[in-house]
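*Asks:* Build me a model:
(one chain, ligands or ions: 1)
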Amino acid sequence: MNIAITSSLLGDLHCSQCGSAHDPFVRQTLSICCQAPLLCRYVIEEGSFLKSDLLTQPKSMWRYEALLPVIQPENQVSLGEGFTPIVSLKRLGGQYGLHQLSLKDEGLNPTGSFKARGLSMAISKARENGERACIIPTAGNAGVAMAAYCARAGLEAVVVMPRHTPEAFKEECIGYNARLILVDGLINDCAVKVQEMNQQGTYFDVSTLKEPYRLEGKKTMGFEIAEQLGWQLPDVIVYPTGGGTGLIGIWKALHEMKVLGWLPKHQRLPRMVAVQAEQCSPIVDTYQGKQVNSKQYVGKPTLANGLAVPRPVGEPLIMNVLRESNGTAIAISEEDMLAGVSELCRHEGIFAAPEGGAVWAATKQLVQQGWLQPDEHVLLLNTGSGQKYLDNIKGKWHQSPTL
Ligand SMILES: *Cc1c(COP(=O)(O)O)cnc(C)c1O
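*Replies:* Residues are numbered from 1 along each chain as shown. Alright, predicted model coming up:
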C-alpha cells in the first residue's frame, strides 16, 4: 500500500492522445500538446495495494484512496459519496427473461447523483492546488454537486446552466451559495459562456474532462462494482452517456484492477453500452458511422438533462471503450425513457432519474435484438435520483405504457 501512495505522489498526468507528461501540482486543463483530456497515471504494480487492505477502509469512494490523486488527507472534501448499493432487479429481470439483472443506485449519493464522486475529487484537488474560485458549465447535477463541495471547502462557486433546467437544480445551487448563471441553449452554450467569463483565468474551470480529476472520482464506480460483486464482473454494464466520464472512468478502473492483480486471471471485462437520448445522440451517430465525429453535432433538449451533451470532448476515449469492450451505443426516445422510469418505480421501488429510465429502456431493446442473452449478468447504472426532475416528468410518466 505504501508503494501505491508514494507512486501517486509521483504519478502525473499524461495526454490521452500523445502521452506527454503534465505537472499535476499546477492548474491543468486539456493537454497543451493535443488539446486532449489528461489522464492520471499511477505507478501501480501487482501486489502494491491488496484487496485485504480494503477491509479497514471507509465505506465511501475514499476507500480506494491509494488509487486516487489527492495527497494530503486534510484536503479531502467529502460528504460520504460512493459505496452505493447494487440491488438485484428480480421482478423486472423475470418479466424480461434476464436471470441476473442488477442496478447500482447512484441516486443515493450526496446531492442525488454520481456527479458527487467527480466533484468531491475535483474540489479536493482544487483545494490541494490552492484554488479559490471554481466555475462549471453543467446540465444540472454537476453544478449542484460542485456548489455543494465548494460550500464545504469554503471556495467560491459559479454555476452556468441551461435556462430550461428543472427548478430543483437551480434552487439547490443557490442554497449552497453559488452564483447561478442561466443560458439559453445546452451545456456547450454554457461552456462558451464560461470561457467568456474566464478570460482572465479568475476561476478554475471544472468542465468534465477538461479538468483531469472528476474522471478519477467517477472511476471509483468501477472498483466498487468489482468489490461489491465479489470480484466477479458482470457481463455487460449499461451506462447513460453524456460527457462519457463515467464510462471512461469505469473502464480505466477495470484496467487498473487488472494490473493490481485484483481480478481473476482470465476474467473477461464487461461489454460497455453507451445509452443516449434520441434528442441528443452524438455518440450513437459516430458509433454507427453516420458522422466522422460530433464536432458539428446539434442536439436538442431531453428530459434526461444529463444526456444533452452535443459535442463531448471525450468522444475519442468513449469510442475506444465501446470498441475495446465489444460494446455498443443505443439511443432512446423520450417516451421509452419515461416508461423506463415508471417501470423501475412501480416494479422495483426505485425512483430513477430519466437517465436511469433510459438505461432500462435500452436494456429491454437489447434483449429484443438478441444482443443480450438470458443468462448474462447485466448491470444497470442509475446515475441520479428522479426527485430533481419533477418539472420534466410531472403529469407524463404515470400514463406511460408499461408492462
Ligand atoms: C451527467 C449525468 C450523466 C452523464 O454522465 P457522463 O459520465 O458525463 O456521461 C448521466 N446521468 C446523470 C443523472 C447525470 O447527471
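*Asks:* give me the number of residues near P234?
*Replies:* When counting by other C-beta atoms under 10 Å, one arrives at 21 neighbours for P234. (Each C-beta comes from the backbone N, C-alpha and C, glycine too.)
*Asks:* That one: what's it in contact with?
*Replies:* 100, 102, 225, 270, 376-379 (C-beta atoms under 8 Å, 6 or more residues apart in numbering).
*Asks:* where's the closest residue to P212 other than its chain neighbours relative to V70, distance?
*Replies:* Among residues not flanking P212 along the chain, L38 sits closest, at 4.3 Å (C-beta to C-beta, 6 or more residues apart in numbering). Between L38 and V70 the computed distance is 16 Å (C-beta to C-beta, to the nearest Å).
*Asks:* So which of the two has more stuff around it?
*Replies:* Shown here are L38 and V70; by other C-beta under 10 Å, L38 has more neighbours (27 against 21).
*Asks:* I'd like to know how far that one sits from the ligand.
*Replies:* 16 Å (C-beta to the nearest ligand atom, to the nearest Å).
*Asks:* Look up which residues are beta-bridged to that residue.
*Replies:* L38 forms beta bridges with C15, as assigned by DSSP bridges.
*Asks:* pretty sure it is touching V26, no?
*Replies:* No - assessed by C-beta atoms under 8 Å, L38 is found out of contact with V26, at 11.8 Å.
*Asks:* so who does the residue in the chain that the ligand sits nearest to touch?
*Replies:* In the chain, the residue that lies nearest the ligand is G306 (2.6 Å; C-beta to the nearest ligand atom). Taking C-beta under 8 Å, 6+ apart, we find G306 in contact with 113, 139-141, 240, 242, 353, 355, 383-384.
*Asks:* Kindly recompute the last result at 6 Å.
*Replies:* By C-beta atoms under 6 Å, 6 or more residues apart in numbering, the contact set of G306 is 139, 141, 242, 355.
*Asks:* Likewise for V183?
*Replies:* 160, 189-190, 193.
*Asks:* Out of the residues you listed, give me the one that has the most neighbours.
*Replies:* Of the contacts of V183, with other C-beta under 10 Å as the count, C190 tops at 26 neighbours.
*Asks:* Tell me, how many residues neighbour the closest residue to it other than its chain neighbours?
*Replies:* Of all residues not flanking C190 in the chain, P137 sits nearest, at 3.5 Å (C-beta to C-beta, 6+ apart). Number of residues near P137 (other C-beta under 10 Å) recorded here: 27.
*Asks:* sorry, back to before: now a ChimeraX select for only the buried ones of the contacts of G306.
*Replies:* Selecting only the buried entries of the contacts of G306 in ChimeraX, with 16 or more other C-beta atoms under 10 Å as the criterion:
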select :139,141,242,355
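*Asks:* Check which helix or strand the residue most central in space within the chain maps to.
*Replies:* Nearest residue to the geometric centre of the chain (C-alpha atoms, centre = their mean): G246, 3.1 Å. For G246, the element it lies in under DSSP states H and E is helix 245-260.
*Asks:* For that helix, buried residues please.
*Replies:* 245-254, 256-257, 260.
*Asks:* residues near R27, how many?
*Replies:* A count of nearby residues for R27, using other C-beta under 10 Å, gives 13.
*Asks:* wait, is it part of a helix?
*Replies:* No - looking at R27 with DSSP: H, G, I helix; E, B strand; the rest coil, it is coil, so not inside a helix.
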